[in-house]
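Undergrad: no sequence on this one, just coordinates:
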C-alpha cells in the first residue's frame, strides 16, 4: 500500500485511490465541487488543486482524480496550492454570484468575493461541473440533459433547450447540484413536478386521500420495471402519502381493538 | 495497380523487383512536368494548369516522351503556382494559364529556358534557374518534406520507385520491434505536434503497456491559424505517413491504426484514402504484410472542426464518437487511451520522419540539430515576410536566418517587430532574441514554444496588445469549456484585453492578466488551457510599454487600435485634390481645391476612409 504524505501527515491508501481519498482518510479538508462518489471524477471545476512534489519540481494536480500508485508527497496548504484554489474560486464566484452554497464554501476557504465582473450569461449560477449530466446518464440511465455549446457558450440543457421527454422528474440532478442551481418545483394544482431550469414537467402520483404529491409517476414506473412488482400491488402500497398511511394504519389498529 | 503489372506483394523480394522494374521503365531523356498542387498553388489555380499541361502532353503525340504530374507542395507558396520541369529542375514561378503553351513549346519540346518565368534573386537581380539555387531553398534541409515536389501523391508506384516502403521492408526483413524502437530512440526524434515528447520512449511505454488490442493513431487535426505543415505532408506524400505508422505499429505490437484528419482538409482526406486503398491493394497494409506475420489496418476518420480535438485525449474521445473534450492525463494514453487501451498517438510530421530514420539510421538523424532537439522541423512561415511558405530547417537554426535568409526579410521595407511561434498558444518573440536558436528548450525559455510549427512574422505596424487579443479570442472560442480556468479565465482575460484596446484599460489590468495567466498555466485541465495565456504573457513580457501606452496614455503606438490615435493631414504632402473630402462620411474634412485640407477632430469618427483613399499618403496616423 502506497503512503501519501499530506502536509507532513502520513496516510496509507490502496493503489489507485486518489489524493482526495487519502486526504479524507487523514482528516484533511480539500474543497471540492464537481466531485461526487456516485460518479467518476471528471475534475472539471479544478477547485481541489494540491501541490504534488515530483522531486525536481512541484506540480499542481487535482486531488479528486490523481491516482496514487507509489509513495507521494502532497501539499494542500502550500501557498501555491492555496493561491490556485483561490483563483479558481474567484472565477466561479463571478460565474455563480447568487449561489449561497458557493458563497459558504468560499467563506470556508477564506475567499472574500471576486475581483471579476459577473458573467451575464443565460445560465447564470451554473458552474458547469457536469454532475447533473453525469448522474442523469450514468445513474438514472436517462441522459435527459447534456452539455450544449462550447467554451464560454457552454450550458447544461435538455435537447433543443425544450422540456425533455426523457426526464422522469426524479430530481437526482437537483440533489447532486453542488451550488443549488437545479431545483425541483411542485405544481400541486396541475399535479406535476418541474425540474428547473430545464422546464421538464412530469405527472405526479398523489395521495388518494389528501392529494399530497408522493412521487413522479415516471419514477414509480421505472422502479416498477426494475423491481418487477405488480402495478396493482405497487399502487396499493403507494396509494396514500406517508401521513395518511400512518393515520389509516393507526385507525385500523384501533378498530382491531388490540388496546381496548 | 494491375495496369502496371503489380499484384499483391507476398514477399520483400517482390517489392524490390517492382521497384527495379519501375526504375528501368523510366527513360533518362523523358521529361516530366511537375505542377504543384499544394494549398497555395491550388488556390491560385494550379489544377487548371495541370489539366492544360495534360492536354498538351496528349496533343504532343506518342513519340514525345513526356508526362505531366501533380506533386505536393513545393513550399514557396508566395511564388505559386510553381511548375518544375525535370530533368534539370527548371523552376518556374507564378505560372499562369497563358504561360503553359510557352513552357511546353520552349522548355519541354525545345529544351530552352523561359527567362521571364524564372525567380529573380532580389539581392543580385539575377534570374535563378534551379530551385536549390534560390535563397529560399538554400538554407533548408528537407527530410519530412523530401518527397514533396517530387512525387505524385496519388500514385503509389511513384513512391515505390523513389525508395518508398524500403524502410518497412527493412523492418520486416527482420528487425525485432526492440531494434526498431532503439533506432528511433537513438535518433532523438521528439513529437512534432507540439509536446516534443521523445517518440522512441513513447513507443517503448506503449509496447510495454499491458492490454490489447493496442492502437496507433496519426494526429492530422492541424488547427493552428496559418499552419499547413501537416496538410502539405498528407497531401504531398501520404505514403510516408502510412509507412511511418506501419513501422510504429510493428514496433509497438498494434494491428489497428487510425488517421484523424480535419474535415476542412478534403484533399488530405481524399489523398490519404486513396493512398491507403493503394497500399492495401499491394498488400502493404492489411493482413500478412509483405508475406510476414505482421498485419495492420488503417482507417481514416474525419474531425468535425474543433481545435481542441488536436489534443490527444480529446481526439481519442472524438474517435470514440463522444464529444471532443480532453481528460486528465495522470494515466497516460500509452497505458489507457483510445477505448481505454494502450494507444500511441503521433503527429503527421513525426510519422513522416520515421521511414527516413529507419533507412538512414538513427545516428544520421541525431547528427542534425541541437543537443536535445534532433533533426529538422517544418514551419509555415507567414505574416509580414517577403517569402511566405513552408520551410523545413535543421533544429538550432536561428530565427534571424529563417526570417531574413529564407523569408527574405520584412515586406515593404518595414522593420521587424516580433515573431509568433507555436500556434495560437505560442508566444511572441521580439527582435532582441532573433539570434535565439530554434529548438524545443530555447523557445520555451523565451516564453513561447515549438508547437506544431506555425511562425507568424509581424512588422512594426502591428499592435501587440491586439495580437494578444486576437489569439485569446481564438482560444476562448475554441476552448471546449470543460474546465473552469480555461472557460472562465479566458473570457475574463478577453474582457480585460477588449477594455485595453478600447482605450478603457485600468491601472492594475496588466497585473490581473498576469495573475490569470499564472492560474491558467497551473490549473487548466489540458495543454490548450495551460498554454492559452502564452500570447498575453509573452507580449506583456516583451512589450509592456505598449500595454502601458494603451492604459496610461490612451495611445496605441502601432496605431492599430481605433480611437487611440488620430488622423491628420500633412499640409506639405496634401495638394488639395479633394478626394478625402468627398469620401468622408462624417463631413469632418474641410478645405478649398488645391489648398491643403484639414480634419475637424471633433467631427472625425476615426473610420479611416480618408487614410485609405488619399492617393498622396498625406493622411497620417498620429
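TA: Now that the structure is in, tell me what you want to look at. Everything quoted here is computed from the prediction, not taken from an experiment.
Undergrad: need the contact list for residue 227.
TA: Looking at chain A here, since you left the chain open. By CB atoms under 8 Å, 6 or more residues apart in numbering or on different chains, the contact list for residue A:227 is empty. Quick note: C-beta positions are derived from backbone N, CA and C, even for glycine.
Undergrad: try chain B instead
TA: Applying CB under 8 Å, 6+ apart to residue B:227 gives the contacts B:380, B:423, B:452-454.
Undergrad: what's the most distant pair in those residues?
TA: Using CB to CB, the pair of the contacts of residue B:227 lying farthest apart is B:380 and B:423, separated by 10.1 Å.
Undergrad: between these two, which one's more packed in?
TA: The neighbour count for residue B:380 versus residue B:423, taken as other CB atoms under 10 Å in any protein chain shown, is higher for residue B:423 (31 against 24).
Undergrad: picking up where we left off before, mutual contacts of residue B:380 and residue B:423, please.
TA: Joint contacts of residue B:380 and residue B:423 (CB under 8 Å, 6+ apart) are B:227, B:454.
Undergrad: quick one on the thing from earlier: export the contacts of residue B:227 as TSV, with columns for pLDDT and distance to residue B:364.
TA: Below are these laid out as TSV (pLDDT from 0 to 100; distance: CB to CB, whole Å):
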residue	pLDDT	distance to residue B:364
B:380	93	26
B:423	87	29
B:452	85	24
B:453	89	22
B:454	89	28
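Undergrad: relative to chain A, which of these is nearest.
TA: When those are compared for distance to chain A (CB to the nearest CB), residue B:423 wins out at 17.2 Å.
Undergrad: now the closest one, nearest residue through space, not along the chain?
TA: Nearest residue to residue B:423, sequence neighbours excluded (CB to CB, 6 or more residues apart in numbering or on different chains): residue B:224, at 3.4 Å.
Undergrad: the one you found contacts residue B:424, correct?
TA: Yes - counting by CB atoms under 8 Å, residue B:224 does reach residue B:424; the two are 6.1 Å apart.
Undergrad: tell me which element whichever residue of the stretch 501-622 of chain B sits closest to chain A is part of?
TA: As assessed by CB to the nearest CB, chain A sits closest to residue B:519 within the stretch 501-622 of chain B, at 3.9 Å. Residue B:519 belongs to helix B:509-523 when assigned by DSSP states H and E.
Undergrad: ok so, going back, and the gap between the residue nearest to residue B:423 and residue B:535?
TA: 12 Å (CB to CB, to the nearest Å).
Undergrad: looking at the two, which has the bigger crowd around it?
TA: residue B:535 (31 against 23).
Undergrad: pretty sure the more buried one sits against residue B:468.
TA: Yes - the pair residue B:535 / residue B:468 is scored as a contact, 4.8 Å apart, by CB under 8 Å.
Undergrad: which neighbours do the two share?
TA: In contact with both residue B:535 and residue B:468: residue B:428, using CB under 8 Å, 6+ apart.
Undergrad: where does pLDDT dip in the stretch 151-260 of chain A?
TA: The stretch 151-260 of chain A contains residues with pLDDT under 70 at A:258-260.
Undergrad: in it, what residue is nearest chain B?
TA: For the stretch 151-260 of chain A, CB to the nearest CB, closest residue to chain B: residue A:154, 3.4 Å.
Undergrad: go ahead and confirm that residue touches residue B:481.
TA: Yes - counting by CB under 8 Å, residue A:154 touches residue B:481, with 3.4 Å between them.
Undergrad: let me see the backbone angles for residue 144.
TA: Because you didn't say which chain, this covers chain A. Per-residue torsions, residue A:144: phi -70, psi -30 (degrees, to the nearest 10).
Undergrad: report the separation between it and chain B.
TA: 17 Å (CB to the nearest CB, to the nearest Å).
Undergrad: go on, residue A:18?
TA: 9 Å.
Undergrad: for that residue, give the beta-bridge partners.
TA: On the basis of DSSP bridges, residue A:18 is bridged to residue A:67.
Undergrad: how about the contacts made by it?
TA: Per CB under 8 Å, 6+ apart, neighbours of residue A:18: A:41, A:63-68.
Undergrad: and the buried ones among those, selectable in ChimeraX?
TA: To isolate the buried members of the contacts of residue A:18 in ChimeraX, using 16 or more other CB atoms under 10 Å in any protein chain shown:
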select /A:41,63,64,65,66,68
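Undergrad: determine which two of the contacts of residue A:18 are furthest apart.
TA: A:41 and A:68 (13.5 Å).
Undergrad: pull out the buried positions in the helix or strand where residue B:352 lies.
TA: Element membership for residue B:352, per DSSP H and E: helix B:348-360. By 16+ other CB under 10 Å, the buried positions in helix B:348-360 come out as B:348-358.
Undergrad: just stretch B:107-120 next, same as before
TA: For stretch B:107-120, by 16+ other CB under 10 Å, it's B:107-108, B:113-114, B:117-119.
Undergrad: helices along the stretch 151-260 of chain A, start to end?
TA: Secondary structure of the stretch 151-260 of chain A (DSSP state H, counting those that start in this stretch): helices at A:172-176, A:217-227, A:231-237, A:242-255.
Undergrad: in a markdown table, list those helices along with distance to residue A:14.
TA: A markdown table is the format used below for the helices of the stretch 151-260 of chain A (distance: least, CB to CB, whole Å):
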| stretch | distance to residue A:14 |
| --- | --- |
| helix A:172-176 | 25 |
| helix A:217-227 | 31 |
| helix A:231-237 | 41 |
| helix A:242-255 | 41 |
